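Engineer: With the input below, show me the fold.
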Amino acid sequence: MAAYFSQILVIVTLVSGLIWLFDVLFQAPKRKAALAVAQSSNASLSDEAAEAITKEPYIVETAHSIFPVIAFVLVLRSFLYEPFQIPSGSMMPTLLVGDFILVEKFSYGIKEPMWRNKIIETGKPERGDVVVFKYPQDPKIDYIKRVVGLPGDRVFYQNKELYIQRACAPEQVCESVQAKVGRIAEGDSEFMQDGVRLKQFKETLGKVEHEILINPARPDMRGMFYRKGSVASGEFVVPEGQYFVMGDNRDNSTDSRFWGFVPEENLVGKAVAIWISFEFDRKPSDTLPTWVPTGVRFERVGGIQ
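Structural biologist: Here you go, the predicted structure:
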């Protein structure tokens, strides 16, 4: 249902609007004419009787009530901002499970909500942006990661270190292949994974400085990395019109290293703010484990870096 929410919203808006419009153009004038005839034949017509004659049918009354609200939600959600919930820890420490974020839908082009065809060009992702996109292997699922490689870039991920050879025009001098990105500072983090305390680093991508997590006990899984053609494992050449994305929790993120690139048409928008954040605890269960909210993390409300 969630995968088709935009389409359902469009259909409900269209149907309710057409019902309301049909009533305004055709049925409402008939009710007014019937009231005029009744008043001319009965000067003492009561207010209750007059209201009964002009009363909208239930379906019209419902459409009249919901159309403005649904239309407002459709415009807001399709063209301006859409809320999302963070379901996993792949973007820690930037985003935590229980964060509710706002995604700016117009950052990378305005798209119509039914088939998501771009109708107005407004911009392109920049290196370091946190983006929501349709998972290329199953577009019904929304993913959130950070843009690392732009079209034309060569991305290297070796020994858990990230390098980028930035794309440049033929007349420009490209930076060296080993242009290292990140690892400005290191320290133990507050986060644990599989009983191991994670290492926390600062990394700079473009104009964005952010933090990443590394699990020193895990291998880099290079044997499972996505490969295309003769490119070596751990090296990725980003095609035109596509992007290379990674999670900030580098050893707990299924991202472009494993399944490839994100086509531009799969982009949903740019994550710009956390509007509320809930702390969750695991609740014991005889069947599946469940998570229950135990508090609000007001200190996390604000912009996303």
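Engineer: Okay, now the unreliable bits of the chain?
Structural biologist: Applying pLDDT under 70 to the chain picks out residues 1-3, 168-186, 230, 282-293.
Engineer: max-length strand in it?
Structural biologist: Under DSSP state E, the strand in the chain containing the largest number of residues is strand 267-283.
Engineer: so how far is that strand from its chain's centroid?
Structural biologist: Centroid displacement of strand 267-283 relative to its chain, using C-alpha atoms, centre = their mean, to the nearest Å, is 10 Å.
Engineer: How about stretch 106-116?
Structural biologist: Worked out by C-alpha atoms, centre = their mean, stretch 106-116 lies 12 Å from the chain centre.
Engineer: so what does the helix or strand where T13 lies touch, helix or strand wise?
Structural biologist: T13 is part of helix 5-22, with elements assigned from DSSP states H and E. Applying 3 or more C-beta pairs under 8 Å, 6 or more residues apart in numbering; DSSP states H and E, we find helix 5-22 packed against helix 58-75. The way it works is simple: take the backbone N, C-alpha and C, and place the C-beta from them, glycine included.
Engineer: and the helix it packs on, which residues are buried?
Structural biologist: Across helix 58-75, burial judged by 16 or more other C-beta atoms under 10 Å covers V60, A63, I66, F67, I70, A71, L74.
Engineer: Packing partners of it?
Structural biologist: For helix 58-75, where contacts count as 3+ C-beta pairs under 8 Å, 6+ apart, the packed elements are helix 5-22.
Engineer: Using PDB, write down the CA coordinates of the helix or strand following the helix it packs on.
Structural biologist: Using DSSP H and E, the next helix or strand after helix 5-22 towards the C-terminus is helix 28-41. Extracted C-alpha coordinates of helix 28-41, given in PDB (Å, rounded to 0.1, in the frame of the first residue of the first chain):
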ATOM      1  CA  ALA A  28     -26.800  22.200  -7.200                       C
ATOM      2  CA  PRO A  29     -28.700  24.400  -9.700                       C
ATOM      3  CA  LYS A  30     -31.500  21.800  -9.800                       C
ATOM      4  CA  ARG A  31     -31.800  21.800  -6.000                       C
ATOM      5  CA  LYS A  32     -32.000  25.600  -6.000                       C
ATOM      6  CA  ALA A  33     -34.700  25.500  -8.700                       C
ATOM      7  CA  ALA A  34     -36.600  22.900  -6.700                       C
ATOM      8  CA  LEU A  35     -36.400  25.200  -3.600                       C
ATOM      9  CA  ALA A  36     -37.700  28.200  -5.600                       C
ATOM     10  CA  VAL A  37     -40.700  26.200  -6.800                       C
ATOM     11  CA  ALA A  38     -41.400  24.900  -3.300                       C
ATOM     12  CA  GLN A  39     -41.200  28.500  -1.800                       C
ATOM     13  CA  SER A  40     -43.500  29.900  -4.500                       C
ATOM     14  CA  SER A  41     -46.200  27.200  -3.900                       C
END
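Engineer: from now on call the first residue 704
Structural biologist: In the new numbering, first residue 704, that becomes helix 731-744.
Engineer: looking just at contacts, which helices and strands does helix 731-744 meet?
Structural biologist: With contacts defined as 3+ C-beta pairs under 8 Å, 6+ apart, the packing partners of helix 731-744 are helix 750-757.
Engineer: what's next to the helix it packs on, contact-wise?
Structural biologist: R734, K735, A737, L738, A741, Q742 (C-beta atoms under 8 Å, 6 or more residues apart in numbering).
Engineer: That helix: which residues count as buried?
Structural biologist: Neighbour-count burial for helix 750-757 [16+ other C-beta under 10 Å]: I756.
Engineer: can you count the residues close to A737?
Structural biologist: Using other C-beta atoms under 10 Å, A737 is surrounded by 12 other residues.
Engineer: Please apply the same query to the one 10 residues further on.
Structural biologist: The local packing of S747 (other C-beta under 10 Å) involves 6 other residues.
Engineer: just Q710 next, same as before
Structural biologist: 13.
Engineer: got it, and T907?
Structural biologist: T907: 14 surrounding residues under other C-beta under 10 Å.
Engineer: filter the contacts of helix 750-757 to the buried ones?
Structural biologist: For those, buried by 16+ other C-beta under 10 Å: L738.
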